[in-house]
Structures are given as C-alpha cells and as structure tokens.
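[1] Sharing a sequence plus its predicted fold:
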Amino acid sequence: MFKDAVILVTGGTGSWGKELTLQLLTYDPKEIIIFSRNEDSQVKMRREIEDSRLSFRIGDIRDRDALFQACKGVDFVFHLAALKHVPVCEEFPKEALKTNVTGTQNVIDAAIFNEVKKVINVSTDKAANPANFYGFTKAISEKLIIHANLLNTTTKFVCVRGGNVLGTNGSVLHLFIDQIKNKNEVTITDKRMTRFFLTKEDAIKLLLKAATDGKGGEIFVINMPACRIIDLAEVLIGHFGKEVNIIETGPRPGEKLHEVLVSPNEIEDTVVYNQEYFVVLPDINLQVREHYSTFQAISKSSYSSNDDLMTHEEIKELLIKSNFIQ
C-alpha cells in the first residue's frame, strides 16, 4: 500500500512521528515528508534517521498556504500535530483551538485540494466524553475529520483514538524516573487516578491498521490496558530500590480521575473489529456503516480506565516491553 507512495506526517518530529517514520520506511515509500515547526527537532531527527527518502519542511498546520504546498503530490497524510498537554491547553485555550481545531480543518482542506488518497487523524481517549479543553478540541477535530467524508471527495478520512503512550515527550514516566533518581520523591495529583497506556509500537500499529483498513468515517480504538498512576509509581520505585516519598498535590485544572475509550453515547455505534481493536462508527449517514453491518457489537456498557486494572507485575511487564526497565 505504501510502496512508492509519498507520505506527509504532520508533527512528525515527535515520539509518535519518529516511530511511525521508522516503520513506514520498511514499506519502501517514495518519500516521507516531515512537516513540523521546530527547526532543532528536524535537525536532530535528520541526524538520527539518515535516509534519502526522508525530507523535511518547516511549517505550522495553522498556516493554510504552507499545508497546501506541502500536500502537493502526497498520497497519504498522517496528522499527528497537536497541542496535547492538558494544563497548557487549559491555560492557553485559544492557542489549543488554533492548532487542534483550525489546524485540523486546514489539513482537511489541503488534502482535498491536492486529492490525497487518505488522511489518518490521531486523536485521544480524552476526546471521549471530554472534560478539559484539550479533550474538547480533539473531540471537535474528530467530528471535522468524520464529516469531511461527506464532501463528495475521493479523499478518505479516518481517525484513531489512543491513550497515554509510554515514553513520549512529556510522559509521566520521565517525570517519575527523574523524581525518584534526583529528589527521592514522586508527586501524584490524586492517588485514585487511573489512565490507559500503550507502547509506541502498539500506537503505530494502530495507525497503520487504520491507514490500510479504514474505509472513511470510522474511529479505530485500541483496547488498551489501564492502571492506577500510583501503582505505576510504586513499580518504578521498587525497580530503583530507593526510599521515596509519594506526595499528593491535588488534581490540576481539567484533569479527570478516570478516562474512557468509548463514550456512553458511542456505545451503540461501536463494534468489535478484532481482539485488539474497536471501531466507532459515525452517527451520520456514511456508506462505511454498511461495511461494518456484520461486525459484532461491543459487549460492555463502559470502557473506563478504572475497569480491569493492571497488577504491579503486569505494569512491570509493560515497562520491560517498552524498554524502560530491564
């Protein structure tokens, strides 16, 4: 599918983008264009991945003209660029709106104008039943992507919805490890808090599944494990074998105790794709619903990060799989 294809990755210098690029290169594409606004990150990535098929463009998804130019001759767009930190989006909501909503609409318009074959949009579990500004902007971007399939265009638009990817930039794992090593303390906003987690490899596997199998209008959701944040901290503390104080600081603005993969109003429109994935079908009249008419409906009435929590041993195994601990 990607052989000899031209692929654009917005926000491609981030953790998801680097892993996606490495995996896409194995499919022998003609060119992968990394579109991002950070010059230093592009220079660093260029040095890390030396490949003649890789090219870089400085640009911001807020800039329509830059995106329209970048999408010329492109077959596939992976839209990863976003403002993603909850406290930052709470403090600067207008900036989050410009990037996560207006930027996504710019991607849609540029893709349609340049007759891109398919756009894969990266969303988040925080878009399901959102409670913070980041979640609301990503929920809107999901809607924009889904509704773009109504525009009588040959371009198909698909979403993926992930959780917290272990080890990405700004990950709580990096914070905890730094605090354990250098401060002999770990700060947790609320000891009851739970989150979904997945590895970078599983996140990219989800993206590629949506790219190859997506028909247009659906949201692919990976069935992720979840844990208490305090359990994650305790596993790391045990691994480093240090006496560490756990300090509870109180929830930050917009922070939820628990996340959901599928919101209550989406349950009836969600089907089991296979053992790894769910598919949330659009609530608008798109032909994609017919494609999934024979798929089994999901069996649970709730998909919360507070359900079926990982044990300490399971958390440890996930951290080993992610190469965070040995």
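    Here it is on my side, so go on.
[2] where's Asp63 relative to Ser36, distance?
    Going from Asp63 to Ser36 by CB to CB, to the nearest Å gives 12 Å. (Each C-beta comes from the backbone N, C-alpha and C, glycine too.)
[3] List the buried residues in whichever helix or strand Lys143 is part of.
    Assigning secondary structure by DSSP states H and E places Lys143 in helix 133-147. Going by neighbour count (16 or more other CB atoms under 10 Å), the buried part of helix 133-147 is 133-146.
[4] Just name the closest of these to Ser304, please.
    Gly135 (14.7 Å; CB to CB).
[5] Leaving out sequence neighbours, find the closest residue to the closest one.
    Nearest non-adjacent residue to Gly135, counting by CB to CB, 6 or more residues apart in numbering: Lys126, 3.7 Å away.
[6] Lys94 versus that neighbour, what's the distance?
    Distance from Lys126 to Lys94, by CB to CB: 19 Å.
[7] So which of these two has more stuff around it?
    Taking other CB atoms under 10 Å, Lys126 and Lys94 do not tie; Lys126 has more neighbours (26 against 8).
[8] buried sites along stretch 5-25?
    Neighbour counts over stretch 5-25 (16+ other CB under 10 Å) mark 5-21, 23-25 as buried.
[9] Then stretch 316-326?
    Lys316, Leu318, Leu319, Ser322, Phe324, Ile325.
[10] With secondary structure as extra columns, can I get the residues you listed in CSV?
    Below are the buried residues of stretch 316-326 laid out as CSV (DSSP: H, G, I helix; E, B strand; the rest coil):
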residue, secondary structure
Lys316, helix
Leu318, helix
Leu319, helix
Ser322, coil
Phe324, coil
Ile325, coil
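[11] could I get those as CSV with distance to Phe56 and pLDDT?
    Compiled in CSV, those are given as follows (distance: CB to CB, whole Å; pLDDT from 0 to 100):
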residue, distance to Phe56, pLDDT
Lys316, 38, 93
Leu318, 33, 90
Leu319, 32, 90
Ser322, 27, 83
Phe324, 29, 79
Ile325, 33, 80
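[12] Most widely separated two among those?
    Lys316 and Ser322 (10.8 Å).
[13] mind listing the helices for the protein?
    15-25, 39-48, 64-70, 86-91, 93-97, 103-113, 133-147, 172-182, 200-213, 229-240, 288-291, 312-321 (DSSP state H).
[14] Compile those helices into TSV and extend it with columns for distance to Glu268.
    Shown next, in TSV, are those (distance: least, CB to CB, whole Å):
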stretch	distance to Glu268
helix 15-25	30
helix 39-48	42
helix 64-70	36
helix 86-91	28
helix 93-97	30
helix 103-113	26
helix 133-147	16
helix 172-182	33
helix 200-213	21
helix 229-240	31
helix 288-291	12
helix 312-321	31
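[15] To Met193, which of these lies closest?
    Here helix 229-240 is closest among the helices of the chain (CB to CB), at 4.8 Å.
[16] Compute the inter-axis angle for the closest one and helix 172-182.
    With axes from the mean of the first three to the mean of the last three CA atoms, to 10 degrees defining the directions, helix 229-240 sits at 50 degrees from helix 172-182.
[17] how about helix 229-240: buried residues?
    Quick answer for helix 229-240 (16+ other CB under 10 Å): Ile229, Ile230, Asp231, Leu232, Ala233, Glu234, Val235, Leu236, Ile237, His239.
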